[in-house]
Each structure stands twice: as structure tokens, then as C-alpha cells.
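Student: Let's see this in three dimensions:
(2 chains)
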Amino acid sequence: MKTRILHLMAAAGMLIAGCGSQTANIDVMHDEGKAVMALDYRDFDQAASELVQSLLGSGALKKQGGGRYVVATGRVINDTMQRIDTDQLMAKIEIEMLNSGQAVMTSAIGSGSDKLIQETRELRDAEEFDPGTVPERRTLIAPELTVSGKIFQRNIRYSRGKQQVEYYFQLKLSDVKSGLRFWQDEVIVGKRGSNRSVAW
Amino acid sequence: MKRLGPILIALVVVACGCYKQQDSRIHLREGIRSDTLDGNIVTRPVGRAFSDLIGEGLEITHAITSRNDAGLLELQVQGYNRSHRTKRFRYRVEWLDESGLLVTTKTSVWLRMSAMGKSPFIFKVVAPRPEAVDFRLDTRKWE
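Tutor: Residues are numbered from 1 along each chain as shown, chains lettered A, B, ... in the order given. Below is the predicted model:
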């Protein structure tokens, strides 16, 4: 009797597991999924696209006398309740700045820096490396502009069972030499939903 | 009783004559502007019901392109929401180069836009790469 019950339970368990919802890939091109309270990739896509268009449309990246600006990525502060890698926003912006033909990004300094650039220079006295292949001194180009920003969040009680979460994406472009700010903009992504939804 | 007809006609003519054409750049919404013959407390509910019935929606009136100082193509889209309801939608612009090939960009994503009922709307998009010479715009409902 006991064995039969155990068999039945095992069969029922397998059936339940089989009926569970299957994992599906998201169609990131035309995602018709419902909005979520936390920030998802659609919010980053939208914020990055709007910020890039504002930046390129402003003409702030057009260099007097032609040529391309050298831009370094500064600090982008995450002041939300979520664990965000700010590169999720900045990578898209850097790509579009590069592709615009108006700017070239530097990997020598800033938050987008590449350690190997410095490490390669430390090989000048290393016997294992051909000195002719090691970069000479004073070859790095200093940035002319920096791009930095902040993402922050505000949670507001909307009604008894509803909350409003506001996310602010702020970005600014500053001239290194003069310290003057050439461009600045903000994109707001607002969400309203149940208090039971967690925005972090 | 026979006099009532001409009086009513006269009233309508006077009312129409008093209606001043506004500057097209300034849009006064219902509840702010003066009522008109086709938009007052009596005719408004009928108009709304009819609008819903025939499924009025957005209409694009102009799509203007120009190159900005940096040599990037800018697209400005102007339209009008014929419906009485606010229409929330998403749009996506794809850019094409001289050969008609797609210019790949991270900015070609579904962006939000909304147009209030019986109101004009306008939005501007900038091509992120100088090789863009033409565009394709797609829309969908804002879920």
C-alpha cells in the first residue's frame, strides 16, 4: 500500500513539474512583455537612446576647426536601490559617440580605462620584450572632454496599494581644459505598480 | 412659431461668425477654450462616441528631414491625434544609407511617445551616424 502511494506521489510530482511554465527567450527587438518595477534592459535602451540623440542633436560634440574630440568616461554614480552595472548605460552611449564620427573614446584613463595600457608601458626595461614594440613615453593622448552622470531612484507612495517609482538618468559632458559643461540632459523613467512589487 | 426658424438660423450664423480662428501654433484644449457648435456640453458626448465608433487615431501630417551642423540627419515628425483619448504609442526609427542599407545603431529602439486627444504632437529624432540619408519609421501600441 505504502509503495503504491509513493509511486502515485512520484507520478503526480513529475506531472506537476512537466506542467510548469517553460523558459523562453526574450525577443529583445520587439519585446511585448509587461513592464516591471525595477529597471530592465528596455529602460536602459530607452534612456541611452534618448540621451545619445540629445547629445548628438545639441552639436556639443562638433569640434571647432574639424577633427574628433578625445572623450574619457568619468564616474557614473548608481544611487538606486538596485545593483546596476552602469556600463549597461554607458556602453551604448560610448558606442554611439564613437560611431557618430565626432568623438574618440580613450581607454587610457577614466572608468573605461584598460589596465593593459599602463602595464604595457611598464615593460620598458623588461628583457623579454623587444624595446621597439613597447610604446614610447608621452604617446598617450589626454582627454579633452569627459562624460559622467548619475542614476537615482525615488519611491513615492501613490495610493494605499500602489507605489510610484521614478528613475532619473542624468548625464553631462564637460570640457577638461576650462571645466565648462558643454551639454547636460536627463531622462525620467516612471513606473506605477503594486506595493507588493519590489523595486530593487 | 414660424419666426422661430429664422431666429435659430440667425443665432447659428452669429455664433459661427463670433468664432475666431486661433493661431495654428497655439492649441487650446477643451475645457480651456470657449465651446463651439461641434464641441459643447451637448454635442461632445455624441462626438466622442462617434469617434470611438469609427476608431479615430493618429495621423502623421509632416515628416521633415534636415542635416544639422554636425552633418547628422534629423527627422521631425508632426501629427494630429484625431481621437478624443490620449494615444500612447512607441516608435522606432531605422536609418538607411545611400545604398538603402540599414545603418546599425543602438538608438534604433522602441521609444515612448504620447499624444493627447484632439491635439497635435511632434517629436524629433537624430541619426547617430553621418552615413544615414533616409529613414523608416514604425509604430506600435505602448503596452
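Student: need the strands for the chain, in chain order.
Tutor: Unless you meant another one, I'm taking chain A. Taking DSSP state E as the criterion, chain A contains strands spanning A:69-79, A:103-105, A:145-157, A:162-175, A:181-194.
Student: my question was about chain B
Tutor: Taking DSSP E as the test, the strands found in chain B are B:58-67, B:73-81, B:87-96, B:102-103, B:111-115, B:119-126, B:134-141.
Student: Contact residues of chain A facing chain B?
Tutor: Counting by CB under 8 Å from any CB of the partner chain, chain A comes close to chain B at A:30, A:32, A:34-35, A:42, A:45-46, A:48-50, A:52-53, A:56-57, A:59, A:61-62, A:92, A:95-96, A:99-102. Yep, even glycine has a C-beta here, placed from its N, CA and C like the rest.
Student: Which PyMOL command selects the buried ones in those?
Tutor: This is how PyMOL selects the buried members of the residues of chain A next to chain B, with burial counted by 16 or more other CB atoms under 10 Å in any protein chain shown:
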select buried, chain A and resi 42+45+46+48+49+50+52+53+56+57+61+62+92+95+96+99+100+101+102
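Student: Apart from its chain neighbours, what residue comes closest to residue 79?
Tutor: Here I'm looking at chain A. The shortest distance from A:Asp79 to any non-neighbouring residue, by CB to CB, 6 or more residues apart in numbering or on different chains, is to A:Phe152 (3.9 Å).
Student: actually chain B
Tutor: B:Ile60 (4.4 Å).
Student: Distance check, A:Thr139 against A:Ala108.
Tutor: Per CB to CB, to the nearest Å, A:Thr139 is found 10 Å from A:Ala108.
Student: In terms of packing, which of those two has more residues around it?
Tutor: A:Ala108 (17 against 8; other CB atoms under 10 Å in any protein chain shown).
Student: quick one: the more buried one and A:Arg121 touch, right?
Tutor: No. Under the criterion of CB atoms under 8 Å, A:Ala108 is not in contact with A:Arg121, lying 10.1 Å apart.
Student: Show me which residues of chain B sit near chain A.
Tutor: Residues of chain B lying near chain A (CB under 8 Å from any CB): B:68-70, B:72, B:74, B:105-112, B:124-126, B:128-130, B:140, B:143.
Student: at 7 Å what do you get?
Tutor: The interface of chain B toward chain A, taken as CB under 7 Å from any CB of the partner chain, is made up of B:68-70, B:72, B:74, B:105-107, B:109, B:111-112, B:125-126, B:128-130, B:143.
Student: partner residues bridging the spatially most central residue of chain B?
Tutor: When CA atoms, centre = their mean is applied to chain B, the residue found nearest the centroid is B:Tyr80 (1.5 Å). When assigned by DSSP bridges, B:Tyr80 has beta-bridge partners B:Glu59, B:Pro120.
Student: Pretty sure B:Gly57 is one of the things it touches, is it not?
Tutor: No. Applying CB atoms under 7 Å as the test, B:Tyr80 and B:Gly57 come out as separate, 10.1 Å apart.
Student: As JSON lines, the strands of chain A with mean pLDDT, distance to B:Pro45 and mean neighbour count would be great.
Tutor: Shown next, in JSON lines, are those (pLDDT from 0 to 100; distance: least, CB to CB, whole Å; neighbours: other CB atoms under 10 Å in any protein chain shown):
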{"stretch": "strand A:69-79", "mean pLDDT": "96", "distance to B:Pro45": "48", "mean neighbour count": "18"}
{"stretch": "strand A:103-105", "mean pLDDT": "96", "distance to B:Pro45": "55", "mean neighbour count": "20"}
{"stretch": "strand A:145-157", "mean pLDDT": "96", "distance to B:Pro45": "35", "mean neighbour count": "18"}
{"stretch": "strand A:162-175", "mean pLDDT": "96", "distance to B:Pro45": "30", "mean neighbour count": "19"}
{"stretch": "strand A:181-194", "mean pLDDT": "96", "distance to B:Pro45": "29", "mean neighbour count": "16"}
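Student: Mind putting these into CSV with distance to B:Lys87?
Tutor: Below are the strands of chain A laid out as CSV (distance: least, CB to CB, whole Å):
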stretch, distance to B:Lys87
strand A:69-79, 34
strand A:103-105, 37
strand A:145-157, 26
strand A:162-175, 22
strand A:181-194, 18
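Student: closest one to B:Leu101 among these?
Tutor: B:Leu101 lies closest to strand A:103-105 among those, at 23.8 Å (CB to CB).
Student: and that closest one, what does it pack onto?
Tutor: strand A:69-79, helix A:87-99 (3 or more CB pairs under 7 Å, 6 or more residues apart in numbering or on different chains; DSSP states H and E).
Student: A:Ser159 is nearest to which of those?
Tutor: Proximity to A:Ser159 (CB to CB) singles out strand A:69-79 among those, at 25.7 Å.
Student: Tell me the helices and strands packed up against the closest one.
Tutor: For strand A:69-79, the packing partners by 3+ CB pairs under 7 Å, 6+ apart are helix A:87-99, strand A:103-105, strand A:145-157.
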